[in-house]
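Student: Provide a 3D model corresponding to the input given below.
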Amino acid sequence: MPNYLARAEELVSLTVQIESATAVDNAAEIATIDGIDAVFVGPSDLAASMGLLGQQTHPDVTDAVLRTFEAVKAAGKLVGVNAFDPEQARKYLAAGASFVLVGADVGLMMNGARAWAETWVQE
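Tutor: Sure, this is the predicted structure:
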């Protein structure tokens with residue numbers, strides 16, 4: 001990156017994660033902290049903190065995610081979320097998510113390995 005050291009402040013961002021019910025309750029305050037550029041919501045850990053382990057699309061979890069969106073957007077910051085289910089990802093985008101993570105390294109590697117195995121592994 002040309003002139004990185006001189007331009008680092010323009011090129012580097014700080015994104016914090018909201019992954020607990022307590023953090024959702026404090027999202028507005030968190031988002032106003034100077035230096036934070038974006039907030040990323042993790043529905044899996046959020047669901048677990050709400051006693052809903054493995055239920056990322058539970059209505060209470062979705063509501064908490066949407067409340068976080070509202071609080072972060074009101075602070076003028078970008079807000080993103082994990083949503084590996086395509087329908088849920090579209091709902092979050094329609095609700096104003098600035099970005100949505102729709103795949104993760106482990107899943108992408110597993111899908112690639114399965115495709116390779118289907119092509120090359122003989123029974």
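Student: hey, let's count contacts and neighbours off CA atoms from now on
Tutor: Fine.
Student: Let me know the secondary structure of the residue nearest the centre of the chain.
Tutor: Per C-alpha atoms, centre = their mean, the C-alpha nearest to the average position across the chain is that of residue 81, at 2.4 Å. Local secondary structure at residue 81 is given as strand here, using DSSP: H, G, I helix; E, B strand; the rest coil.
Student: Do a quick rundown of the strands in this protein.
Tutor: Chain-ordered strands for the chain, with DSSP state E as the definition, fall at 15-18, 38-41, 78-82, 99-101.
Student: quick one: which of those strands is nearest residue 9?
Tutor: With distances scored as C-alpha to C-alpha, the stretch of those nearest to residue 9 is strand 15-18 (14.0 Å).
Student: before we move on, the earlier item: in JSON lines: the strands of the chain, plus mean pLDDT and distance to residue 26.
Tutor: Shown next, in JSON lines, are the strands of the chain (pLDDT from 0 to 100; distance: least, C-alpha to C-alpha, whole Å):
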{"stretch": "strand 15-18", "mean pLDDT": "97", "distance to residue 26": "9"}
{"stretch": "strand 38-41", "mean pLDDT": "98", "distance to residue 26": "12"}
{"stretch": "strand 78-82", "mean pLDDT": "97", "distance to residue 26": "14"}
{"stretch": "strand 99-101", "mean pLDDT": "95", "distance to residue 26": "21"}
